[in-house]
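Engineer: Need the 3D shape of this:
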Amino acid sequence: MIYFDNGATSYPKPRNTYIAAAEAVKNYGFNSGRGGYVESVRTAEKIYSVRERLGALFNFQPQNIAFTANCTAALNMAIKGSVKKGDHVIISSLEHNAVWRVVNHLKKDGVIDYDIAKFSYDDDETVNNFESLIGKRTSLIVCMAASNVFGVAFPIDKIGETAKKHGIRFIADGAQAAGVMPLDAEKDNIDILCAPGHKCLYGIMGTGFIAVREGVHLETILDGGTGSESLNPDQPDFLPDRLEAGTLNNIGIAALGAGIDFINSVGMENIYERELGHAQMLYDGLSENKNAVLYCKRPEKYKNAPIISFNLGDNQSEKTAALLAKRGIAVRAGLHCAPLAHSHFGTLERGTVRLCPSVFTTRRECEFLLNTLKKI
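Structural biologist: Modelled structure (predicted):
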């Protein structure tokens, strides 16, 4: 199989991710923070070391990073925990359903109102589109770092600065950027960062995290056992316990730590430049294919995540993906859980075929894909 579906989950993983997961089953199969015996303490230390690595990568305090089942869970916690009745929220026109469905549900329940700010290739225009929607009741801005469909990146730093200027909380969805493009709580004025562990961070499925800046308070949407303040009928008011009810995924967390170690050893910028180079090669090859339809500009450094969306002739995107699958090429087609993005780019009717290379993708694989598309 030739794999171009890294936007869904990265594959293959670095060798040390597999090793860490296997070792964790044996060595860290104990509840952390729930026992005073040596194995439980060692497990707690292992988990905290991963918090430290995430904190260093994204400039958050380690104790303010809570582990979740995935990015969707983290976004639900971040959004629902940030709003109260009567609030107004702003999201972008490219948001994933992990954001759109959450705010839409809150609106249907009469909790909030929300507006959608249009993406523009002009960063200043994008920022102005957000700022123009700010009103007296606006308490929250939620925006992805980069589109999971079209790869275009948002000026997160400027949007965060605008939110800070108006005293508004800013949540960044790092699903397609965290681990491959730089995200910094301080430089980008991010109050809350949500991301999965199984994509650009090279961990395994069933992992994600929510990182919260010092002083940011969240109401809980999940309450339960934490191993701390057990006599208290309320969820603890300190992090990470406040956001970590129940038993953690020790195996997934250990594997995530190994994925971060891989990124640090290779260098995030080196990974990004390799993946962006593949994306540019794919874009250029598709541009020469008379049957291919592209929807975005050629990927540029730090203006795009390494993602390309296209269609072939009049084919529905799913048909093109099926034809590629028969030739051993794995891609994602359809709406990619992001109808807002497809509506913005005019592809809602048939979706797109999405190509997402990784650091393990080779030029030969890119050439094979491009040559295969010429024959379809």
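Engineer: Please name the nearest non-neighbouring residue to Gly334.
Structural biologist: Leaving aside its sequence neighbours, Gly334 sits nearest to Gly351 (C-beta to C-beta, 6 or more residues apart in numbering; 4.3 Å). Heads up, the C-betas are built off the backbone N, CA and C, glycines and all.
Engineer: Quickly note the distance from that neighbour to Ser343.
Structural biologist: For Gly351, the distance to Ser343 equals 11 Å [C-beta to C-beta, to the nearest Å].
Engineer: starting at the chain centroid, how far to the host helix or strand of Ser49?
Structural biologist: Per DSSP states H and E, Ser49 falls inside helix 38-58. Distance, stretch centre to chain centre, for helix 38-58: 21 Å (C-alpha atoms, centre = their mean, to the nearest Å).
Engineer: what helix or strand does Ile141 sit in?
Structural biologist: Assessed by DSSP H and E, Ile141 sits inside strand 138-144.
Engineer: got a list of contacts for the very next helix or strand once past that strand?
Structural biologist: Going down the chain from strand 138-144, the next helix or strand is helix 156-165, by DSSP H and E. Residues from elsewhere that reach helix 156-165 (C-beta atoms under 8 Å, 6 or more residues apart in numbering): 123-124, 126-127, 130-131, 134, 141, 143, 145, 169-170, 172, 183, 187-191.
Engineer: Mind doing that once more with 6 Å?
Structural biologist: 127, 130-131, 141, 143, 145, 170, 172, 188-190 (C-beta atoms under 6 Å, 6 or more residues apart in numbering).
Engineer: same question, stretch 368-376
Structural biologist: Contacts for stretch 368-376 (C-beta under 6 Å, 6+ apart): 285, 289, 323, 327, 329.
Engineer: what's the distance between the residue lying closest to Ile221 once chain neighbours are set aside and Gly328?
Structural biologist: Leaving aside its sequence neighbours, Ile221 sits nearest to Lys80 (C-beta to C-beta, 6+ apart; 5.0 Å). Note on Lys80: its distance to Gly328, by C-beta to C-beta, is 42 Å.
Engineer: Then Leu193?
Structural biologist: From Leu193 to Gly328 the distance is 36 Å (C-beta to C-beta).
Engineer: neighbour count winner among those two?
Structural biologist: Set Leu193 next to Gly328 and count neighbours by other C-beta atoms under 10 Å: Leu193 wins out with 30 against 11.
Engineer: Just the CA atoms of the helix or strand containing the more buried one, as CSV, please.
Structural biologist: Using DSSP H and E, Leu193 maps to strand 192-196. In CSV, the C-alpha atoms belonging to strand 192-196 read as follows (Å, rounded to 0.1, in the frame of the first residue of the first chain):
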residue,chain,number,x,y,z
ILE,A,192,-6.2,26.7,24.8
LEU,A,193,-4.6,24.4,22.3
CYS,A,194,-6.4,21.1,21.3
ALA,A,195,-4.7,18.4,19.2
PRO,A,196,-4.6,14.7,18.5
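Engineer: partners of it in the sheet?
Structural biologist: Note on strand 192-196: by DSSP bridges, its sheet partners are strand 169-173 (parallel), strand 208-212 (antiparallel).
Engineer: Quote the end-to-end distance of stretch 160-172.
Structural biologist: 9 Å (C-alpha to C-alpha, to the nearest Å).
Engineer: follow-up on the earlier one: pretty sure the residue nearest to Gly334 sits against Leu335.
Structural biologist: Yes: Gly351 is within contact range of Leu335, at 4.9 Å (criterion: C-beta atoms under 6 Å).
Engineer: higher neighbour count, these two?
Structural biologist: The residue with more neighbours, out of Gly351 and Leu335, is Gly351; 23 against 18, by other C-beta under 10 Å.
Engineer: Which residues are in contact with that one?
Structural biologist: 317, 334-335.
Engineer: Compute the distance between it and Ile91, please.
Structural biologist: 21 Å.
Engineer: Also Glu52?
Structural biologist: Between Glu52 and Ile91 the distance is 31 Å, computed by C-beta to C-beta.
Engineer: Same drill for those two, tell me which one is more crowded.
Structural biologist: Set Glu52 next to Ile91 and count neighbours by other C-beta under 10 Å: Ile91 wins out with 27 against 16.
Engineer: Report how many residues lie close to Phe262.
Structural biologist: Neighbours of Phe262 under the rule other C-beta under 10 Å: 21.
Engineer: Pro14 is in contact with that one, correct?
Structural biologist: Yes: proximity of Phe262 to Pro14 meets the contact threshold set by C-beta under 6 Å, at 3.9 Å.
Engineer: List the contacts of the most centrally placed residue in the chain.
Structural biologist: Closest to where the C-alpha atoms of the chain average out (C-alpha atoms, centre = their mean) is Ala175, at 0.7 Å. For Ala175, the contact set (C-beta under 6 Å, 6+ apart) comprises 71, 196.
Engineer: on that earlier part again, ok, the contacts of helix 156-165 vs Asn311, which is closest?
Structural biologist: Comparing the contacts of helix 156-165 against Asn311 with C-beta to C-beta places Ala145 closest, at 25.2 Å.
Engineer: any idea how far Gly197 is from the residue nearest to the closest one when sequence neighbours are not counted?
Structural biologist: Counting by C-beta to C-beta, 6+ apart, Ala145 lies nearest to Ala177, which is 3.7 Å off, once chain neighbours are set aside. Plainly put, Ala177 is 14 Å away from Gly197 if you go by C-beta to C-beta.
Engineer: now swap in Leu256 and tell me
Structural biologist: 4 Å.
Engineer: What of Lys303?
Structural biologist: For Lys303, the distance to Gly197 - C-beta to C-beta - is 26 Å.
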